[in-house]
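>>> my questions concern the predicted model and sequence given below.
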Amino acid sequence: QVQLVESGGGLAQPGGSLRLSCAASGTIRSINNMAWYRQTPGKQRELVASITMAGSPTYQDSVKGRFTISRADARNAVFLEMNSLKAEDTAIYYCNADILRTEYSGGRPRVNRYQYWGQGTQVTVSS
């Protein structure tokens with residue numbers, strides 16, 4: 001089984017910074033895209049930033065220039081550096097990973113692809 005564990009959320013003042021971390025553990029062959037999503041009450045979960053296996057990032061327009069996504073493949077980890085925080089960044093942040101696993105059926109290996117989610121970490125931006 002695979003688990004994603006997030007850390008780094010908390011309370012920040014407007015204009016402040018926070019750094020989120022997410023590490024995947026378990027039997028993993030490789031990790032394709034990794035991403036951060038966020039969700040506020042009554043709204044759908046939205047993509048904040050994603051990063052490919054090659055390290056190419058994409059960002060939601062509202063966070064461009066303020067947030068930076070990065071990954072450390074040796075640790076199966078993804079990070080989100082959040083600067084110039086605004087009240088509207090307040091949300092629960094979830095990491096997501098597109099993971100390949102080698103599994104055996106009848107003694108034969110097969111590579112299967114799964115989407116995993118972290119448990120979420122609260123980010124609150126308030127003075």
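Good, I have the coordinates. Numbers count the residues shown, from 1 in each chain.
>>> okay, now the unreliable bits of the protein?
Scanning the chain for pLDDT under 70 picks out nothing.
>>> which stretches of it form helices?
Using DSSP state H, no helices are assigned anywhere in the chain.
>>> so in it, which strand runs the longest?
strand 91-105 (DSSP state E).
>>> and it, what's buried?
Of the residues in strand 91-105, A91, I92, Y93, Y94, C95, N96, A97, D98, I99, R101 count as buried by neighbour count, 16 or more other C-beta atoms under 10 Å. (Glycine included, C-beta is placed from N, CA and C.)
>>> could you do stretch 48-57 as well?
V48, A49, S50, I51.
>>> would CSV of those with distance to A77 be doable?
As requested, those are exported to CSV (distance: C-beta to C-beta, whole Å):
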residue, distance to A77
V48, 17
A49, 15
S50, 15
I51, 11
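>>> what's the closest of those to K64?
Proximity of the buried residues of stretch 48-57 to K64 (C-beta to C-beta) peaks at A49, which lies at 9.2 Å.
>>> count of neighbours near the closest residue in space to Q1 that isn't next to it in sequence?
Spatial nearest neighbour of Q1, chain neighbours left out: G26 (5.4 Å); criterion: C-beta to C-beta, 6 or more residues apart in numbering. As a burial measure, G26 scores 12 neighbours (other C-beta atoms under 10 Å).
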